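Trainee: Pasting a predicted model and its sequence here:
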Amino acid sequence: MADTKNRRLGAYVETSTGGERVRAYVPAPLPPDPPLDLARFMRLYERAIAAVGRLDGVVAILPSTPLFLYMYVRKEALLSSQIEGTQSSLSDLLLFENDEAPSVPLDDVTEVSNYVAAVEHGVSRIRRGFPLSLRLIREMHAILLRSGRGAAKQPGEFRRSQNWIGGTRPGNALFVPPPPNLLDDCLGALERFFHSEDPALPPLIRAGLAHVQFETIHPFLDGNGRLGRLLITLILCEAGVLREPILYLSLFLKSHRDDYYRLLQEVRQAGTWETWMEFFLTGVAETAEQAVATARELIAMFEVDRQKIAGIGRAAPSALRVHELMQAHPIVTIPTVSSRLGVSFATARGALEKLVGVGVIRETTGRRRGRIYAYTAYLAALDRGTDPLPA
């Protein structure tokens, strides 16, 4: 029995780094051998895939799917970056995009903004028929680390030196990924898994396997966690399970961070893929169910607010245009509204004040100049779970 189980495990190789000898782990190629015991988590899989289907359906009937996606991707970027230690909030990111000063170090907000751009690039390439591949992953990495703290960590290039996870040096690390001279073999096997077709492994299962393998290989000097989580959504989009990049696990993983890291390590040490898949599928189900509830809540909120605006009278058309803009940009200034809608400052100011008057938005500064307006109810719905982790 032990031999059967051990076929799922990789091998340790000795390597020298930082002046000391360490044991680096080289994972066995996917899929696991022996195969996954699918019966063990089939009920969880059915719950998860049904929830993903409902999410895909509800997003399709949103009154403005691109606007919802615009904000949802930003929330995911924020949460994924928080897992890596950034302290920015959703409001900080939106202020940054509005050319206003955020309340945290600029590098924190830049990292989140880069993540948004990397998501958009990856999804756009896949939609144009480019395959999910090592090349696309490198392209996204280059965007992810193009500025901020990661700019010196070889953006867009697989590492050429040994890295490690946990600890102050390789010798006391929690985990040492494959040495650089074996990266090509590990990554080549992962790319072949991307392109293989096995009816016994539906896309959602494949995404859960690929995420762990990517994190275990840890092919970059920085950004592995963020790219590995994004990989889940890209696999589902490429397979047609999702029409839009709307499933993101970072809130679940942030809330269960200790279990997440423990289960990744247990796969490496004991080959416990089924236990990981139970955790992963639970996260997918809960995340998709929460996203469906949020989408429905926002549909209802926007409709109630539109009814309020319709009662304004002659100013309603311009106020409705600003309301639609603020579904994508919940924090705005008079100049940004004027620029984005192509209207005068006076028209922008008047429409914003009308929205304040009927209680749809709020002015947040109390200043006469440089006023900032926020769609506070919308932000509150999106903000759930986005409080930064303790520093």
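Mentor: Sure thing, it's come through.

Trainee: care to break the chain down by domain?
Mentor: Residue ranges for each domain of the chain read 2-293, 311-382, as given by automatic domain parsing.

Trainee: Show me how far whichever helix in the chain runs longest is from its chain's centre.
Mentor: Longest helix in the chain, counting residues (DSSP state H): helix 273-310. With CA atoms, centre = their mean, to the nearest Å as the basis, helix 273-310 stands 15 Å off its chain's centre.

Trainee: Counting by contacts, list what it packs against.
Mentor: If contacts are counted by 3 or more CB pairs under 8 Å, 6 or more residues apart in numbering; DSSP states H and E, helix 273-310 sits against helix 42-60, helix 65-83, helix 203-217, helix 250-255, helix 257-270, helix 316-325, helix 376-383. (Each C-beta comes from the backbone N, C-alpha and C, glycine too.)

Trainee: What score does Gly148 have for pLDDT?
Mentor: Looking at Gly148, its pLDDT reads 61.

Trainee: for the one 10 residues further on, same thing?
Mentor: pLDDT for Phe158: 97.

Trainee: in what helix or strand does it lie?
Mentor: Using DSSP states H and E, Phe158 maps to neither a helix nor a strand.

Trainee: what's the burial count for the nearest residue to Ala51 once chain neighbours are set aside?
Mentor: Counting by CB to CB, 6 or more residues apart in numbering, Ala288 is the residue found nearest to Ala51 once chain neighbours are left out, at 3.6 Å. Using other CB atoms under 10 Å, Ala288 has 26 neighbouring residues.

Trainee: Just put the helices and strands packed on helix 273-310 in TSV and tack on distance to Asn163 and mean neighbour count.
Mentor: As requested, the helices and strands packed on helix 273-310 are arranged in TSV below (distance: least, CB to CB, whole Å; neighbours: other CB atoms under 10 Å):
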stretch	distance to Asn163	mean neighbour count
helix 42-60	32	17
helix 65-83	18	22
helix 203-217	11	22
helix 250-255	21	20
helix 257-270	15	15
helix 316-325	43	19
helix 376-383	34	17
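
Trainee: Out of the ones you listed, which gets the lowest mean score?
Mentor: Among these, helix 65-83 scores lowest, with a mean of 61.

Trainee: after the helix or strand bottoming out on mean pLDDT in the chain, next one along is what?
Mentor: Least confident helix or strand, the chain: helix 2-6 with a mean of 50, by mean pLDDT, DSSP states H and E. Following helix 2-6 in sequence order, the next helix or strand is strand 11-17 (DSSP H and E).

Trainee: Next, the contact list for the residue nearest to Ala51, please.
Mentor: Ala48, Ala51, Val52, Arg54, Leu55, Leu247 (CB atoms under 8 Å, 6 or more residues apart in numbering).

Trainee: Ignoring the adjacent residues along the chain, who's closest to the fourth one?
Mentor: Spelled out, it's Arg54. Val292 (5.3 Å).

Trainee: Quick one: classify Ile126 as helix, strand or coil.
Mentor: helix (DSSP: H, G, I helix; E, B strand; the rest coil).

Trainee: my read: it touches Leu234, true?
Mentor: Yes. Counting by CB atoms under 8 Å, Leu234 is a contact partner of Ile126 at 6.3 Å.

Trainee: Look at those two and report which has more neighbours.
Mentor: Leu234 (24 against 17).

Trainee: If I take the strand or helix carrying that one and helix 203-217, what angle do their directions form?
Mentor: Assigned by DSSP H and E, Leu234 belongs to helix 224-238. Interaxial angle of helix 224-238 relative to helix 203-217 (axes from the mean of the first three to the mean of the last three CA atoms, to 10 degrees): 160 degrees.

Trainee: Give me the contact list for helix 224-238.
Mentor: Contacts for helix 224-238 (CB under 8 Å, 6+ apart): 52, 80-81, 83-84, 115, 118-119, 122-123, 126-127, 131-132, 137, 140-141, 144, 194, 203-204, 206-208, 210-211, 214-215, 218, 220, 242-250, 253.

Trainee: coming back round to it: let's have the helices and strands packed on helix 273-310 in a markdown table, adding distance to Ala348.
Mentor: Shown next, in a markdown table, are these (distance: least, CB to CB, whole Å):
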| stretch | distance to Ala348 |
| --- | --- |
| helix 42-60 | 30 |
| helix 65-83 | 19 |
| helix 203-217 | 43 |
| helix 250-255 | 34 |
| helix 257-270 | 42 |
| helix 316-325 | 7 |
| helix 376-383 | 19 |
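
Trainee: who does the strand or helix carrying Arg23 pair up with?
Mentor: Using DSSP H and E, Arg23 maps to strand 20-26. Sheet partners assigned to strand 20-26 using DSSP bridges are listed as strand 11-17 (antiparallel).

Trainee: tell me the average confidence for the partner strand?
Mentor: Computed over strand 11-17, the average pLDDT equals 91.

Trainee: Buried ones in it, by neighbour count?
Mentor: Buried positions in strand 11-17, judged by neighbour count with 16 or more other CB atoms under 10 Å: Thr15, Thr17.

Trainee: give me the number of residues near Ile246?
Mentor: 26.

Trainee: now it, nearest residue through space, not along the chain?
Mentor: Per CB to CB, 6+ apart, closest to Ile246 is Val59, 5.4 Å.

Trainee: For Pro155, see how far away the one you found is.
Mentor: According to CB to CB, to the nearest Å, Val59 and Pro155 sit 31 Å apart.

Trainee: got a list of what Leu130 touches?
Mentor: In this structure residue 130 is Phe, not Leu. For Phe130, the contacting residues are Leu136, by CB under 8 Å, 6+ apart.

Trainee: can you rerun that using 10 Å?
Mentor: Contacts for Phe130 were tallied using CB atoms under 10 Å, 6 or more residues apart in numbering; they are Gly122, Ser124, Leu136, Glu139, Glu238.

Trainee: Now do it, the pLDDT please.
Mentor: So Phe130 comes in at 95 (pLDDT).
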